[in-house]
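Enquirer: what's the 3D shape of this:
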Amino acid sequence: MMKKLSLISVFLMLGCTSSNVVFAQDPDDIFTIYLVRHSEKEDSLNRRSDPPLSDCGQQRSEHLSHFLSAVNLDVVYSTNFIRTINTAQPTADSKGLGVVQYNPAALFDFSKHLIEKKQNALVVGHSNTTGVLAGLLVGDDIGAFDLDIYDRIYQVVIHNNKAKLLLYHSEFDCKP
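Expert: Numbers count the residues shown, from 1 in each chain. Below you'll find the model as predicted:
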């Protein structure tokens, strides 16, 4: 009785109702993909094409790692840019994983790859790719977002080939 009560309490704390709780028969039938834009990049006067993260960007990347600390991840993906790799690295390190690179110019093929692999994943991209990739995964048209938005965390849960998209907003606040 106590175990059942604890389980019910967890569902109530998470705000779940019986209509959106999924019980998987086979653990391979359900997997989750988290998609984020890279953290804040350094805005220096030299305007390098591949700038590193700013101090706030480094802090946000650590915050993302803490946000995902209780999440089981099988793989961490990033584009081949310093800012995306450095956004992904704290989470990859905390999970004992490497960072696997993907091509942001081939999002359709990459979305198929993610679905076929059926792995819990973190994907770090850009303002013009992250929403688009989330949309491809759920069969919806989600476009790019503004360059000054860094707080979105897309969560795509795929169960029996049906995808559900949730959007979180990070409560990160940079400490200069």
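
Enquirer: Identify each buried residue in the helix or strand containing residue 111, please.
Expert: Taking DSSP states H and E as the criterion, residue 111 maps to helix 107-117. Buried positions in helix 107-117, judged by neighbour count with 16 or more other C-beta atoms under 10 Å: 107, 110, 111, 114, 115. To be clear about C-beta, it is placed using only N, CA and C from the backbone, and glycine gets the same treatment.

Enquirer: Mind jotting down where the helices sit in the chain?
Expert: 2-13, 55-67, 82-95, 107-117, 130-138 (DSSP state H).

Enquirer: can you list contacts of stretch 162-176?
Expert: Stretch 162-176 is contacted from outside by 40, 55-56, 59-60, 63-64, 67, 134, 137-140, 150-158, using C-beta atoms under 8 Å, 6 or more residues apart in numbering.

Enquirer: wait, stretch 141-157
Expert: 22, 30-37, 39-40, 60, 64, 67, 127-132, 134-135, 137-138, 163-170, 172.

Enquirer: buried subset of those residues?
Expert: 30-37, 39-40, 60, 64, 67, 127, 129-132, 134-135, 137-138, 163, 165, 172.

Enquirer: how near is residue 114 to residue 122?
Expert: Between residue 114 and residue 122 the computed distance is 11 Å (C-beta to C-beta, to the nearest Å).

Enquirer: let me fix that: residue 106
Expert: 19 Å.

Enquirer: Between these two, tell me which one has more neighbours.
Expert: Set residue 106 next to residue 122 and count neighbours by other C-beta atoms under 10 Å: residue 122 wins out with 27 against 11.

Enquirer: residues in contact with that one?
Expert: So residue 122 contacts 33, 34, 35, 36, 68, 73, 75, 76, 77, 88, 91, 92 (C-beta under 8 Å, 6+ apart).
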